[in-house]
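>>> Dropping a prediction and its sequence here:
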Amino acid sequence: MTEAVLDPRFTLPVRTVEKATAEPRWVRLVLIGLALAFLGIFLFVPLAAVFYEALRKGVGVYWQAVIEPDALAAVRLTLLAAAISVPLNLVFGVAAAWAIAKFEFRGKNLLITLIDLPFSVSPVIAGLIFVLVFGLQGWFGEWLRDHDLKIIFAVPGIVLATIFVTFPFVARELIPLMQAQGTEEEEAAVVLGASGWQTLWRVTLPNVKWGLLYGVILSNARAMGEFGAVSVVSGHIRGLTNTLPLHVEILYNEYQFAAAFATASLLALLALVTLVLKVWVERRFAD
Amino acid sequence: MSLALRRHTVLPGFGIALGFTLLYLSLIVLIPLSATFLKTFSLTWEAFWTAVTAPRVLASYRLTFGASFLAAGINAVFGLLVAWVLVRYRFPGKRIVDAFVDLPFALPTAVAGIALAAVYSTNGWIGSLFAPYGIKIAFTPLGVLVALTFIGLPFVVRTVQPVLEDLEPELEEAAATLGASRLQTFAKIVFPTLLPALLTGFALAFARAIGEYGSVIFIAGNLPMVSEITPLLIITKLEQYDYAGATALAVVMLLISFTLLLIINLLQWWARRRRAAP
């Protein structure tokens, strides 16, 4: 029997079945070639162009553009906006996922849809809504002016717009994950005498840590890279209300291409780090 | 069970978690968004209608929706191809290529915009290949199409990929043993299974494209009536302190986005049912 199985004449049919569900070699090569060509002209070539243009005038020009005071101020503001918006949306994501995944209540699906809403709003409109609320002609405009408070064309507006555009990231990662994990472990913890916070810290969060990290990575990338929404509320005041993407725009519009691409390359590096972290977390997830 | 108001549970924290969720959602999203709708009420119906149907505005809709539709179409075709190649074939560097598909999600739109403008301008790496034939890409409506294709690239790949991975080989084997050619098997077995995911990806790419701003404005040229997208027109009106006009346009775009969101939810529901039922 064993010999019969190993006999090539008997293994042949198996191989033909495999071939019947696979394309001929030339088709495979053509399809792979087409896919790579498409990704090449839309992804790889533009990404390479960022670094090429950034370094074209030499490392000296590159370094000058990166350590210029306005660029450093933009880096600081970008980090600040991300440092405020990401933790806030993280806390929100955990609270929303706790309520949605661990309890049953009416209107749950509507709530999930509403949480996703900022993803379907144009960034420009995300900025506009805060102008309508806090701008000079807006709801609180006069009150803010009388109390000498500035939100629009100032840092708080930038932070608010960033919070809005990154709003769903953590929640949408956590909700399905916590729903899939059910409530047994938390119930056991509570029955054994753990308080609600202890249950959250010691049972729930360790169980969802990779999903949490995934959401944080994505929302951080968006927070640091947001352009449209921030552009509407920023007022583009150099050194004060310019984030890195806005700084790129200003340099570009002033035809300082080498400096614009040098600053852009910092953001491109951030994107590459994001992709690497993303793959790493996905792999931990799979284990 | 979904009808029960609250299932009996020993877990604490429902009130505070839901309360905080609703408060935060209202403060950041719902109340500011409602401001756009309330603001348009300051306009009469005629003024609103004139604002959202002016010739320059209509031209911007044509470009925004036309280019977004075409870009989503390009992404549907090539996204399916990329997903197919990534799931079915082996080639060197496949994992890196797979990771790079998400680049448009991770790369700030302003960076994408200036990079695409540089590459597709008449003296850029790719634009210079087309220039001898009289085809200009950057600073024309074609440039808008390029930017929107870039922005929507991951959606179709990432919605089709998991469905393709889950596809059972038995179906294709059965088709092959019954005498179907590879192309017939794809057209009659594989493609109908992928269709809900493909349409979902198309709709997601389309929805993302119509609101896109950052990557487009650098490559579009932004000529009124020719290469000016609706989000840019909103900003232009804001800069002229025409708040009501800007808000009227925003409301039109929001209504379209919400309709698309509804369609996407229906498509996803269809896709889930397709996957659940054998």
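Thanks, I have the structure now.

>>> distance between the helix or strand residue B:112 falls within and the chain's centre?
Assigned by DSSP states H and E, residue B:112 belongs to helix B:109-120. In this view, helix B:109-120 has its centroid 18 Å away from the chain centroid, taken as C-alpha atoms, centre = their mean, to the nearest Å.

>>> list the helices and strands that helix packs on?
With contacts taken as 3 or more C-beta pairs under 8 Å, 6 or more residues apart in numbering or on different chains; DSSP states H and E, helix B:109-120 sits against helix A:45-55, helix A:209-225, helix A:244-253, helix A:257-286, helix B:141-166, helix B:214-220. The way it works is simple: take the backbone N, C-alpha and C, and place the C-beta from them, glycine included.

>>> taking the mean pLDDT, what do you get for that helix?
Averaged over helix B:109-120, pLDDT sits at 96.

>>> What of stretch B:88-103?
Averaged across stretch B:88-103, pLDDT comes to 94.

>>> hmm, who's touching that stretch?
For stretch B:88-103, the external contacting residues (C-beta atoms under 8 Å, 6 or more residues apart in numbering or on different chains) are A:22, A:28, A:31-32, A:36, A:39, A:43-44, A:47, A:271, A:275-276, A:278-279, B:82, B:85-86, B:153-154, B:157-158, B:164.

>>> one more time with 6 Å
A:28, A:32, A:43, A:275, A:279, B:86, B:154, B:157 (C-beta atoms under 6 Å, 6 or more residues apart in numbering or on different chains).

>>> Could I get the buried residue list for it?
Across stretch B:88-103, burial judged by 16 or more other C-beta atoms under 10 Å in any protein chain shown covers B:88, B:97, B:98, B:99, B:100, B:101, B:102, B:103.

>>> same thing with stretch A:105-116?
Across stretch A:105-116, burial judged by 16+ other C-beta under 10 Å covers A:108, A:111, A:112, A:114, A:115, A:116.

>>> now, which of those lie close to chain B?
Among those, no residue lies close to chain B (C-beta under 6 Å from any C-beta of the partner chain).

>>> Quick one: distance of stretch A:54-65 to the chain centre.
Stretch A:54-65 sits 28 Å away from the centroid of its parent chain (C-alpha atoms, centre = their mean).

>>> That one: end-to-end distance?
Stretch A:54-65 has an end-to-end distance of 10 Å (C-alpha to C-alpha, to the nearest Å).

>>> re earlier: tell me which two in the contacts of stretch B:88-103 are the farthest apart.
A:28 and A:275 (26.3 Å; C-beta to C-beta).

>>> Among these two, which residue is more densely surrounded?
When neighbours are counted by other C-beta atoms under 10 Å in any protein chain shown, residue A:28 and residue A:275 differ, and residue A:275 comes out ahead with 21 against 16.

>>> who's in contact with residue A:189?
Residue A:189 makes contacts with A:199, A:203, as judged by C-beta under 6 Å, 6+ apart.

>>> Can you check the pLDDT for it?
pLDDT recorded at residue A:189 is 93.

>>> follow-up on the earlier one: mind checking which of the buried residues of stretch A:105-116 land in helices?
Among these, the ones falling in helices (DSSP state H) are A:108, A:111, A:112, A:114, A:115, A:116.

>>> Just give me the closest of these to residue A:96.
Nearest to residue A:96 out of these is residue A:115 (C-beta to C-beta; 6.1 Å).

>>> quick one: contacts for the closest one?
By C-beta under 6 Å, 6+ apart, the neighbours of residue A:115 are A:168, A:171.

>>> now with 7 Å?
Going by C-beta atoms under 7 Å, 6 or more residues apart in numbering or on different chains, residue A:115 touches A:96, A:168, A:171, A:172, B:25.

>>> Quick one: low-confidence residue ranges for the stretch 151-278 of chain B.
Where the stretch 151-278 of chain B drops to pLDDT under 70, the residues are B:277-278.

>>> For it, what lies in contact range of chain A?
The stretch 151-278 of chain B has residues B:153, B:169, B:172-173, B:176, B:182, B:207, B:211, B:213-214, B:218, B:231, B:234-235, B:238, B:243, B:246-247, B:250, B:253-254, B:257-258, B:260-261, B:265 near chain A, with proximity defined as C-beta under 7 Å from any C-beta of the partner chain.

>>> Now, of those residues, which are buried?
Those of these that meet the buried threshold are B:153, B:172, B:176, B:182, B:207, B:211, B:213-214, B:218, B:231, B:234-235, B:238, B:243, B:246-247, B:250, B:253-254, B:257, B:260-261, B:265, by 16+ other C-beta under 10 Å.

>>> What about these, which are in helices?
Judged by DSSP H, the subset of these located in helices is B:153, B:172, B:176, B:182, B:207, B:211, B:214, B:218, B:231, B:234-235, B:238, B:243, B:246-247, B:250, B:253-254, B:257, B:260-261, B:265.

>>> Nearest the geometric middle of chain B, what residue?
Nearest to the mean C-alpha position of chain B, counting by C-alpha atoms, centre = their mean, stands residue B:205 at 2.3 Å.

>>> in stretch A:227-236, what counts as buried?
Within stretch A:227-236, the residues scored as buried using 16+ other C-beta under 10 Å are A:227, A:228, A:229, A:230, A:231, A:232, A:233, A:234, A:235.

>>> How about the stretch 51-200 of chain A: which residue is closest to chain B?
In the stretch 51-200 of chain A, no residue comes nearer to chain B than residue A:122, which is 2.9 Å away by C-beta to the nearest C-beta.

>>> so how far is residue B:36 from that residue?
11 Å (C-beta to C-beta, to the nearest Å).

>>> now do residue B:44
17 Å.

>>> Neighbour count: the two, which is higher?
Ranked by neighbour count (other C-beta under 10 Å), residue B:44 and residue B:36 place residue B:36 first, with 22 against 9.

>>> quick one: the more buried one and residue B:252 touch, right?
No. Using C-beta atoms under 7 Å, residue B:36 makes no contact with residue B:252, being 10.3 Å away.

>>> got the contact list for residue A:92?
A:171, B:21, B:24.

>>> closest to residue A:241 among those?
Relative to residue A:241, the closest of the contacts of residue A:92 is residue B:24; by C-beta to C-beta it sits at 24.7 Å.

>>> distance of the residue of the stretch 51-200 of chain A closest to chain B from residue A:206?
To residue A:206, residue A:122 is 38 Å away according to C-beta to C-beta.

>>> Quick check: closest non-adjacent residue to residue B:226.
Spatial nearest neighbour of residue B:226, excluding adjacent residues (C-beta to C-beta, 6 or more residues apart in numbering or on different chains): residue B:141 at 6.9 Å.

>>> Please apply the same query to residue A:42.
residue B:150 (5.2 Å).

>>> got it, and residue A:68?
Using C-beta to C-beta, 6+ apart, the nearest residue to residue A:68 is residue A:259, at 7.6 Å.

>>> again, but for residue A:228
residue A:123 (2.9 Å).

>>> For that neighbour, give me phi and psi.
Backbone torsions for residue A:123, taken as degrees, to the nearest 10, come to phi -50, psi -40.

>>> for residue B:122, helix, strand, or coil?
Following DSSP: H, G, I helix; E, B strand; the rest coil, we place residue B:122 in the coil state.

>>> if I look at it, how far off is residue B:192?
Distance, residue B:122 to residue B:192, by C-beta to C-beta: 44 Å.

>>> Which one's more surrounded, the two?
More crowded of residue B:122 and residue B:192, by other C-beta under 10 Å: residue B:122, with 14 against 10.

>>> right, and that one touches residue B:132 too?
No. Between residue B:122 and residue B:132 there is no contact under C-beta under 7 Å: 9.6 Å.

>>> re the thing from before, give me the neighbour count for the residue nearest to residue A:68.
Residues within reach of residue A:259, counting by other C-beta under 10 Å, total 25.

>>> pretty sure it is touching residue A:66, no?
No. Checked against C-beta under 7 Å, the pair residue A:259 and residue A:66 is beyond contact range at 8.7 Å.
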